[in-house]
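Asks: Here's my sequence, what's the structure:
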Amino acid sequence: MQTHGILLGAGTNEMELLTVWIDGQLFGINVAKVQSVESFDKSLVTGMPDNPPEILGMLLYRNRTIPLIDLQIILNLKSNKKSISVDSNSDNNKTTDSNYREIVVVTEFNNKLNAFKVHGVNRIFRFSWSDFVPISPIIGSNSYVVGSVCSGEHEIMVLDLEQVLSSLFPKMVLEEITQETLSKQDSISRENLNILFAEDSSLIRKGVIKVLKEAGFVQIRDFENGKSAFDYCMENIEALSSPTSRTVLITDIEMPKMDGLTLCKVIKEHQTLKKIDVIIFSSLINTQMVEKCKKVMADRYITKPATNSLIDILDGFCLA
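Replies: From the prediction side, this is the model:
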């Protein structure tokens, strides 16, 4: 099953979720991260010594090997080898042993390929980000579920695969700042740049802010979704349009209420706010996403976790 070609318009504030079964529960993965869906073939998996149990080994995929991660173990679900047979025209969906089928979902984001084992694939749904309900802060910031959306009788728990990878491969999600990047603050006035940062993951948000402050940026205001960032811009139009200051907005793409592409689009279409420089900083940057970034008039775009390259771009705005 190939998922390429299922494209959303740029700045429509929509997302598409591939829904999968894990131990009889329905979970969603952003289609933009999915490269393909394959039947699980144990003979293609090579076990690795001293791996944690959630890493099943290295999967041979199209003449290369990539990590294979068991989402059932990651989510701490007790496998009962059942999935749910879904008939879109019926309310009487049932859990059956016969429909259990191990599947591998191959993803591509952060410029990396990874594979995730699940218990079955359901279908693709399209939602508005405004329908997305973020995970409650009471549950904590380290949850592998970022929120949920409803479809008929089903509540779909949306997986945060970046959070999953950060627990296994921390450097894959956030790059450490280099000494070369740090040393440039002696010759560049980073403290004068006004930075707005929209990112729904508290883990990444805190990590990036920490790195930016280490590099010498001091004027940083952060937001947990695009709508909060846009509302702030509308409330502070005078200050943000001042000819004596320069504002840069760094934004993720996947965010509840208003995604990053939509945020960039409404900023660039606003007569006054369009002077704000916008950097799309996302794990989803690829050839197709670059075209979308251009359509919403983003000034720059860069893939996570390239934090040092992000600072290079910010330095360019400091010097301009």
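Asks: elements contacting the helix or strand harbouring residue 146?
Replies: Assigned by DSSP states H and E, residue 146 belongs to strand 145-151. Applying 3 or more Cβ pairs under 8 Å, 6 or more residues apart in numbering; DSSP states H and E, we find strand 145-151 packed against strand 121-128, strand 133-134, strand 154-159. All C-beta spots, glycine's among them, are computed from the backbone N, C-alpha and C.
Asks: Is it possible to get a markdown table of the ones you listed that adds distance to residue 253, mean pLDDT and mean neighbour count?
Replies: Converted to a markdown table, these look like this (distance: least, Cβ to Cβ, whole Å; pLDDT from 0 to 100; neighbours: other Cβ atoms under 10 Å):
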| stretch | distance to residue 253 | mean pLDDT | mean neighbour count |
| --- | --- | --- | --- |
| strand 121-128 | 15 | 92 | 16 |
| strand 133-134 | 16 | 86 | 14 |
| strand 154-159 | 14 | 90 | 20 |
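Asks: Format those strands as TSV; extra columns: distance to residue 69.
Replies: Putting those into TSV (distance: least, Cβ to Cβ, whole Å) gives the following:
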stretch	distance to residue 69
strand 121-128	16
strand 133-134	24
strand 154-159	11
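Asks: Which one of these lies nearest to residue 298?
Replies: strand 121-128 (21.0 Å; Cβ to Cβ).
Asks: Within its sheet, name the partner strands of the closest one and how each one runs.
Replies: strand 14-22 (antiparallel) (DSSP bridges).
Asks: Now the strand it pairs with: average pLDDT?
Replies: Strand 14-22 carries an average pLDDT of 93.
Asks: before we move on, what about stretch 274-286?
Replies: Here stretch 274-286 scores 95 as its mean pLDDT.
Asks: how far does that stretch stretch from start to finish?
Replies: 25 Å (Cα to Cα, to the nearest Å).
Asks: so where do the helices sit in the stretch 51-200 of the chain?
Replies: Ranges of helices in the stretch 51-200 of the chain, per DSSP state H, counting those that start in this stretch, are 71-74, 161-168, 179-183.
Asks: Could I get those in a markdown table, plus columns for mean pLDDT and mean neighbour count?
Replies: A markdown table is the format used below for the helices of the stretch 51-200 of the chain (pLDDT from 0 to 100; neighbours: other Cβ atoms under 10 Å):
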| stretch | mean pLDDT | mean neighbour count |
| --- | --- | --- |
| helix 71-74 | 94 | 19 |
| helix 161-168 | 88 | 20 |
| helix 179-183 | 94 | 12 |
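Asks: pLDDT below threshold where in the stretch 1-150 of the chain?
Replies: Low-confidence segments of the stretch 1-150 of the chain (pLDDT under 70): 1-8, 78-100, 136-142.
Asks: Right, I'll call it a day here.
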